[in-house]
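Below is the structure, and that's it, no one-letter string:
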Ligand code: IFM
């Protein structure tokens, strides 16, 4: 088979030489080893046992066996030439049950991971919460319950105490929108509740937990530490110029984007959104001082970008016939990323931006010679890196871009079907095979790092 030249992000040369390139993963999606060294159940362990909750009844029991294969995986990602690895810590591994002292054996794993990354010249970027709430905290009320925010801040302080001497970049939460809406409103994700009011209470307590955690960690931090949160932002556009479509798009923007950014960066919930919620009979459980805590200054705002969508007043977001889409049917819209980054820089108080996740699930083709060909993924990544470079050129303060994800892994309620990885994982043997996209990324980063003449 002939090798086609891979597409290149034409504007990548516009990015500064200290622009970060990384790959991202999360604990539950790759680690496995659910009972090793004192770990107890998270809500996702429980959810996977619910018949019909996860496609194919897949579970995180083995996942990518990363808990045992961590050194090999660090070597794989270091060989890509990335300068940053974003990973998450499993809360029930390091504080089983979500209360009380740290579990030293659980923390030891992350200690070894951080040391190995640093030895390979890769900067660790730690996310404290990527969806795996200790089951006991859910049993006590979960994120709709205010106490969970305080428990999260305690947990953050425990992890910081152990790893803060070597980890400079700290993200509190990954995608609070998904935690609240998929977990507590739609029931598609753990813990599988369907209660819209509880979901909106969860939003407030997630943001409060974020702010409290940042404050607690800053008490112990030095000037080199960076603290932030990662939001999944899905920009919306009205499907037509009609007033109802424009209003529907604005409402979706309010619930998906401004409900998070406004309190974090401006210290207030958007009034149009709280008025809409009040009309539904829902009031956010805000107490005096909460918004000051939530608006604790950030050093970085993480953005997970997958697509933008067109909204109509008539029903769910439009899936436009013939528009390019990923294997999960998500529209491929790199221009939406440029517009989002430029908008954030124009509309919100200044904060450095990092794309903490971007990637696509595509079906991969394994050739007779063993190569895993994923030209769709290469084209997707090239277009999005190009979109980031364009935003940078237009003045957006964007400092980094991380590919989602290193390994084909447990894609939540979809199980192991959709593959987002740069590296494929044989589900029987756990053997890792870097795909063509991994080779492409390595070559791109080499060229990027080459001194300009
Ligand atoms: O796999 C997820 C990840 O855990 C959170 N962001 C989106 C990814 C793809 O769905």
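Structure's in. What do you need? Since this is a predicted model, take the numbers as computed values, not measurements. Numbers count the residues shown, from 1 in each chain.

With the flanking residues excluded, which residue is spatially nearest to the residue in the stretch 1-150 of the chain that the ligand sits nearest to?
The ligand sits closest to residue 26 of the stretch 1-150 of the chain, with a gap of 5.0 Å, by C-beta to the nearest ligand atom. Bear in mind the C-beta positions are built from the backbone N, C-alpha and C, glycine included. Spatial nearest neighbour of residue 26, excluding adjacent residues (C-beta to C-beta, 6 or more residues apart in numbering): residue 130 at 3.7 Å.

Quick one: end-to-end length of stretch 231-242, please.
29 Å (C-alpha to C-alpha, to the nearest Å).

Return the set of buried residues in that stretch.
231, 232, 233, 234, 235, 236, 237, 238, 239 (16 or more other C-beta atoms under 10 Å).

all strands of this structure, in order?
20-24, 84-88, 123-129, 169-174, 226-232, 236-238, 300-304, 309-311, 353-357, 365-366, 372-373, 398-404, 423-425, 432-434 (DSSP state E).

could you dump these to TSV with distance to the ligand and mean pLDDT?
Formatted as TSV, the strands of the chain follow (distance: least, C-beta to the nearest ligand atom, whole Å; pLDDT from 0 to 100):
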stretch	distance to the ligand	mean pLDDT
strand 20-24	8	98
strand 84-88	9	99
strand 123-129	10	99
strand 169-174	6	99
strand 226-232	6	98
strand 236-238	18	96
strand 300-304	5	98
strand 309-311	15	95
strand 353-357	5	99
strand 365-366	21	91
strand 372-373	19	96
strand 398-404	5	98
strand 423-425	14	98
strand 432-434	18	98
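
would JSON lines of the ones you listed with distance to residue 321 be doable?
Shown next, in JSON lines, are those (distance: least, C-beta to C-beta, whole Å):
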{"stretch": "strand 20-24", "distance to residue 321": "32"}
{"stretch": "strand 84-88", "distance to residue 321": "35"}
{"stretch": "strand 123-129", "distance to residue 321": "37"}
{"stretch": "strand 169-174", "distance to residue 321": "33"}
{"stretch": "strand 226-232", "distance to residue 321": "25"}
{"stretch": "strand 236-238", "distance to residue 321": "17"}
{"stretch": "strand 300-304", "distance to residue 321": "27"}
{"stretch": "strand 309-311", "distance to residue 321": "12"}
{"stretch": "strand 353-357", "distance to residue 321": "28"}
{"stretch": "strand 365-366", "distance to residue 321": "25"}
{"stretch": "strand 372-373", "distance to residue 321": "27"}
{"stretch": "strand 398-404", "distance to residue 321": "27"}
{"stretch": "strand 423-425", "distance to residue 321": "31"}
{"stretch": "strand 432-434", "distance to residue 321": "35"}
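
and of those, who's closest to residue 447?
Residue 447 lies closest to strand 20-24 among the strands of the chain, at 11.6 Å (C-beta to C-beta).

That closest one - contacts with which helices or strands?
The helices and strands touching strand 20-24, judged by 3 or more C-beta pairs under 8 Å, 6 or more residues apart in numbering; DSSP states H and E, are strand 84-88, strand 123-129, strand 353-357, strand 398-404, helix 436-449.

can you list the residues that contact the fourth one?
Going back to what we said before, that points to strand 398-404. 19-24, 84, 86, 125, 300, 304, 341, 352-359, 381, 384-385, 388, 391-392, 420, 422, 441 (C-beta atoms under 8 Å, 6 or more residues apart in numbering).
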